[in-house]
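J.: Got a sequence here, can you model it:
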Amino acid sequence: MSALLRLLRTGAPAAACLRLGTSAGTGPRRAMALYHTEERGQPCSQNYRLFFKDVTGHYISPFHDIPLKVNSKEENGIPTKKARNDEYENLFNMIVEIPRWTNAKMEIATEEPLNPIKQYVKDGKLRYVANIFPYKGYIWNYGTLPQTWEDPREKDKSTNCFGDNDPIDVCEIGSKILSCGEVIHVKILGILALIDEGETDWKLIAINVNDPEASKFHDIDDVEKFKPGYLEATLNWFRLYKVPDGKPENQFAFNGEFKTSTNLQISDSPFRCTQEEARSLVELVLSSPNKESNEEEQVWHFLGK
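T.: Numbers count the residues shown, from 1 in each chain. Coordinates of the predicted model:
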């Protein structure tokens, strides 16, 4: 049984500011060579922002300017031993927001101009995910697919819930710990239909095609075969990760089963601005010497059965 996952190109909800022209260069390059990041503010503070630039040095929106799908002619920097030519049509760009084993909840600021990565703030405090034994922080490289959005006005037939108004999330299961702001090529292995506080929150299971083990993985069954226990840990993590905050366990569609196929649809986005406007926006984010402490990041939670 295949599952239908509908990804929508971002539209009016995001306060985006895009440059004129395209963000991808020409000729064979690896994904990260096409995009660079610039830090503003102090890490672990509410004013921290990670802005994105293209290969020409122009500011871009990672949410809108980075293509969803990998173009084998313009972004083909992956050795053929890692992905056959006919596999390129199934490769996608992933923006890494949270490196594996870290706790800070970093995310693309969909409501801010240029959509930089920032740390999520709730009730005036920086958000950190709890350590739930035996897990330390996030157990994958966690991020998102650009140009996608879960529509809060549309009820998903699979979950019977509306979208969470965020980009589609990706759990990258490769062997490397990646960095916040990296843009990598991934192949999608499967999906998990999480219902998070009553909202549809699809999770894609994927692997970096430049990972040393990538050639072994083609679908969700290969994850269980070559990384036994990882899918079970993923299910448990999403089910329990908000319990330390006093919230109930999350639920899943399909009885928590991972599905293996996707269907993607995109359309154009209308937002544009000049490079002068983009540069002015970045310069407004000033550095700060203040660093907010986080004791919760060092606390472990032991949840009874």
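J.: Excluding chain neighbours, what is closest to Glu191?
T.: Slight slip there: residue 191 is Ile, not Glu. Lys259 (5.1 Å; Cβ to Cβ, 6 or more residues apart in numbering). Placement of C-beta: from N, CA and C, glycine included.
J.: Distance of that neighbour relative to Ile195?
T.: 15 Å (Cβ to Cβ, to the nearest Å).
J.: Spatially nearest residue to Leu50, not counting backbone neighbours?
T.: Closest to Leu50 by Cβ to Cβ, 6+ apart is Ile117, at 4.1 Å.
J.: mind listing the strands for the stretch 101-250 of the chain?
T.: Taking DSSP state E, counting those that start in this stretch, the strands of the stretch 101-250 of the chain run over residues 106-108, 117-119, 121-122, 125-126, 131-132, 141-144, 155-156, 161-162, 169-172, 183-196, 199-208.
J.: Quick check: phi and psi at the residue nearest to Ile191.
T.: phi -110, psi 160 (degrees, to the nearest 10).
J.: Just give the number of residues close to it.
T.: Neighbourhood size, Lys259 [other Cβ atoms under 10 Å]: 20.
J.: cool, Asp221 as well?
T.: Considering only other Cβ under 10 Å, Asp221 is surrounded by 14 other residues.
J.: One more: Asn160?
T.: With other Cβ under 10 Å as criterion, Asn160 counts 10.
J.: swap in Cys161?
T.: When neighbours are counted by other Cβ under 10 Å, Cys161 registers 21.
J.: One more: the one 4 residues further on?
T.: Residues near Asn165, counting by other Cβ under 10 Å, number 15.
J.: excluding its backbone neighbours, what's nearest it?
T.: Pro152 (4.2 Å).
J.: and the gap between that neighbour and Cys161?
T.: 10 Å.
J.: Phe258 too?
T.: 18 Å.
J.: most neighbours per residue, which of the strands of the stretch 101-250 of the chain?
T.: strand 141-144 (a mean of 28; mean count of other Cβ atoms under 10 Å).
J.: who's in contact with Asn208?
T.: With contact set as Cβ atoms under 8 Å, 6 or more residues apart in numbering, Asn208 has these partners: Met94, Asn141, Glu172, Gly174, Lys176, Leu178, Ile184, His185, Val186, Ala214.
J.: ok, what's across the strand from it?
T.: Judged by DSSP bridges, the bridge partners of Asn208 are Val186.
J.: cool, and Asn93?
T.: His185.
J.: Contact partners for it?
T.: Taking Cβ under 8 Å, 6+ apart, one finds 31, 66-70, 75, 145-146, 183-186 in contact with Asn93.
J.: longest single helix anywhere in the chain?
T.: Identified as the longest helix of the chain according to DSSP state H is helix 230-240.
J.: I'd like to know the average pLDDT value across it.
T.: For helix 230-240, mean pLDDT is 95.
J.: For the contacts of Asn93, name the two members farthest from one another.
T.: Greatest spacing in those, by Cβ to Cβ: Glu75 and Leu145 (14.5 Å).
J.: Among these two, which residue is more densely surrounded?
T.: Neighbour totals were compared for Glu75 and Leu145, and Glu75 leads with 26 against 23 (other Cβ under 10 Å).
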